[in-house]
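> sequence-free structure coming up:
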């Protein structure tokens, strides 16, 4: 009986240790709220999803007349597609910090202008496969 208890405890500790070493995992699929005017998602989660519709991204366009930034997102159902734009240089800086596995959230006003952009890089987010 003593042997069985020791083995059982070691087995439980082994599982706990394995889980503790795995780290936090988040799979932030693309979510859109057209009433509150926000969208967010992880690039890796969107790319790795089973559906073929969800996407999220931002781009910056520069030419001799100036620069503009656009962020866009579409949910997994393909029901909602949203976009916002800005000419604000600080938003362009945030966009330039995006990496292939970043999490991005953006907000916009009634005219479609971006009012906030968040870029987050974390080991918790799913990388693209």
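Cool, got the structure. Bear in mind that the values here come from a model prediction, so they are computed numbers and not experimental data.

> Spit out the contact partners of the closest residue to residue 116 other than its chain neighbours.
Distances taken as C-beta to C-beta, 6 or more residues apart in numbering place residue 107 nearest to residue 116, at 4.3 Å, with adjacent residues excluded. Every residue, glycine included, has its C-beta placed from N, CA and C. Counting by C-beta atoms under 8 Å, 6 or more residues apart in numbering, residue 107 touches 37-38, 84, 114-117.

> For the protein, just list every one of the strands.
31-33, 38-42, 55-63, 66-74, 81-86, 103-108, 114-120 (DSSP state E).

> Tell me which of those strands lies nearest to residue 96.
Of all the strands of the chain, strand 55-63 sits nearest to residue 96, with 7.0 Å by C-beta to C-beta.

> and the contacts of residue 107, which are buried?
Neighbour-count burial (16 or more other C-beta atoms under 10 Å) applied to those gives 37-38, 84, 114, 117.

> Would you mind putting those into TSV with pLDDT and distance to residue 72 alongside?
Putting these into TSV (pLDDT from 0 to 100; distance: C-beta to C-beta, whole Å) gives the following:
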residue	pLDDT	distance to residue 72
37	98	14
38	98	13
84	98	8
114	98	11
117	96	12
